[in-house]
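Trainee: this is the structure alone, sequence omitted:
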């Protein structure tokens, strides 16, 4: 029983030594205490000299190949560490902004914790009440990409930012500012207001060389932590569209990974075992079946970031149409579109007045079958083709209308900025969507036969967040109209303009109705 007593005495001596102040007598007592490392009694109390007369767990020798792989992960994490930053973003809430009516908290809220949930989950302040002015804060990640001090991150991380603080893993913090952002690809660039004397620039890899099954690590600052690393493999590669929707509607390809990506990882790098950045983490999908993340390939991120640095914004060509997949329309309803339709094609649901498509003669209900001589079997075939063209390019579009084949030529125009488009297209509620699939439904713990649009992400300061919508919620109806895909949900929300909208939403806990007013 002597050793435990000595340990307590040792701790007490340390505490006394920390509080002696300028009292000489106290210092003498501390000097005579057992805190002296030469005291053999104290030495016996040290962890390294615990008595081990009982059996001790055996030391294991891992296989050499395991040590090599472990070293590869550790070396890649060490290499990228100086280039990864945490972005602490402060957003200014508009004074006098109307708050949404509070959503029911349900019986699961612990007694006495209501104020906690109100502060951290923004349940609102009652219908018709004004939300208090003051900053809203968020955290994301970023990575230094050049010697001039430019940092790439996601546009949703810095959206509405009034103040940005850049924090390195060693604790150094610097003020930053947003150079520009592109919501269409969810890419933004931040720069130091005063660049540090020394910077370590991340090495960029070639995302075109990625292979499914390749090891990668995700680095970032989840939950406000300075920096964490998770490991996994490249689970999938491909084009966005249909079942895969990222947070930027002009993201053309994706990298899927099972490396754990938590809130706050957005904007952080996805890194191969050579220590090269191959993607920027963007979207998280979480459900009872697990979680998986998507990253934007670094090739597109780099192209967009360079344009933002040079020009302050990115300009895109556009046709001026809203489109969807013909195969998503039930066979019994296809007769309303036309006769002799192909099995696959792209349905024009809306034509922007005065846009290139309208001037060329395309109409709602037309089914695009080819664009630029290439078969168009999905909406993203058209989007991908147009995104790869230049503003002013001439494009040949083939289509079916009333059982007949048509052909028009149009000159692509510049995509107007969101705030200048006006009309229904300007109405947003601050969410990114993904079409619900059977595997995704199972992972979310809902009926695999359900159809709808899964909320992949909710912007913290958005109408959706204030209405209580969360990632993993499934939008099934918009204003009593069923939606079967992400495209249909977006079209339905936009078509209603900025009026208050009623959504029927399902998750593993059940189904509820939510009202939200677009901004």
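Mentor: Good, I have the coordinates. Note that the structure is predicted; figures quoted are calculated from it, not measured.
Trainee: quick check: buried residues in stretch 462-472?
Mentor: Across stretch 462-472, burial judged by 16 or more other CB atoms under 10 Å covers 462-469, 471-472. Placement of C-beta: from N, CA and C, glycine included.
Trainee: from the residues you listed, which shows the smallest pLDDT?
Mentor: Lowest in pLDDT among the buried residues of stretch 462-472 is residue 471, which has 79.
Trainee: secondary structure class for it?
Mentor: Following DSSP: H, G, I helix; E, B strand; the rest coil, we place residue 471 in the coil state.
Trainee: backbone phi and psi for it, please?
Mentor: phi -60, psi 130 (degrees, to the nearest 10).
Trainee: which parts of the stretch 151-300 of the chain are strands?
Mentor: Along the stretch 151-300 of the chain, the segments classed as strands by DSSP state E, counting those that start in this stretch run 161-167, 173-182, 187-192, 215-220, 228-239, 253-257, 269-272, 277-287, 290-297.
Trainee: likewise for the stretch 401-519 of the chain?
Mentor: Under DSSP E, counting those that start in this stretch, the stretch 401-519 of the chain gives strands at 404-411, 413-414, 431-435, 453-458, 474-478, 481-482, 501-507, 510-516.
Trainee: list the contacts of residue 430.
Mentor: If a contact means CB atoms under 8 Å, 6 or more residues apart in numbering, then residue 430 has 458-459, 461-465, 519 as its contacts.
Trainee: hang on, the earlier thing: which one of the strands of the stretch 401-519 of the chain lies nearest to residue 281?
Mentor: Among these, strand 453-458 comes nearest to residue 281, with 11.7 Å by CB to CB.
Trainee: out of the contacts of residue 430, which sit inside helices?
Mentor: 463-465 (DSSP state H).
Trainee: give me the below-cutoff pLDDT ranges for the stretch 51-200 of the chain.
Mentor: Filtered on pLDDT under 70, the stretch 51-200 of the chain yields the residue ranges 51-52, 92-136.
Trainee: burial measure for the closest residue to residue 492 other than its chain neighbours, as a count.
Mentor: The shortest distance from residue 492 to any non-neighbouring residue, by CB to CB, 6 or more residues apart in numbering, is to residue 478 (3.7 Å). Residue neighbour count, defined by other CB atoms under 10 Å, stands at 23 for residue 478.
Trainee: phi first, then psi, for the closest residue to residue 227 other than its chain neighbours.
Mentor: Counting by CB to CB, 6+ apart, residue 227 lies nearest to residue 169, which is 4.5 Å off, once chain neighbours are set aside. Main-chain dihedrals, residue 169, degrees, to the nearest 10: phi -70, psi -20.
Trainee: and if you look at residue 198?
Mentor: Dihedral angles (degrees, to the nearest 10) for residue 198: phi -120, psi 140.
Trainee: can you count the residues close to it?
Mentor: 6.
Trainee: contacting residues for residue 169?
Mentor: Residue 169 is in contact with 81-82, 84, 226-227, counting by CB under 8 Å, 6+ apart.
Trainee: can you name the two of these that are farthest apart?
Mentor: 82 and 226 (12.5 Å).
Trainee: of those two, who's got more company?
Mentor: residue 82 (16 against 13).
Trainee: how far away is the closest residue to the more buried one other than its chain neighbours from residue 168?
Mentor: Nearest residue to residue 82 in three dimensions, chain neighbours excluded: residue 200, at 3.8 Å (CB to CB, 6+ apart). Counting by CB to CB, to the nearest Å, the separation of residue 200 from residue 168 is 9 Å.
Trainee: between those two, who's got more neighbours?
Mentor: More crowded of residue 200 and residue 168, by other CB under 10 Å: residue 168, with 20 against 15.
Trainee: list the contacts for the residue lying closest to that one once chain neighbours are set aside?
Mentor: Among residues not flanking residue 168 along the chain, residue 85 sits closest, at 5.8 Å (CB to CB, 6+ apart). Applying CB under 8 Å, 6+ apart to residue 85 gives the contacts 141-144, 151, 166-168.
Trainee: check the offset of stretch 497-514 from the chain's centre.
Mentor: When C-alpha coordinates are averaged (CA atoms, centre = their mean, to the nearest Å), stretch 497-514 and its chain have centres 22 Å apart.
Trainee: so which bits of that stretch are buried?
Mentor: 498, 501, 503-507, 514.
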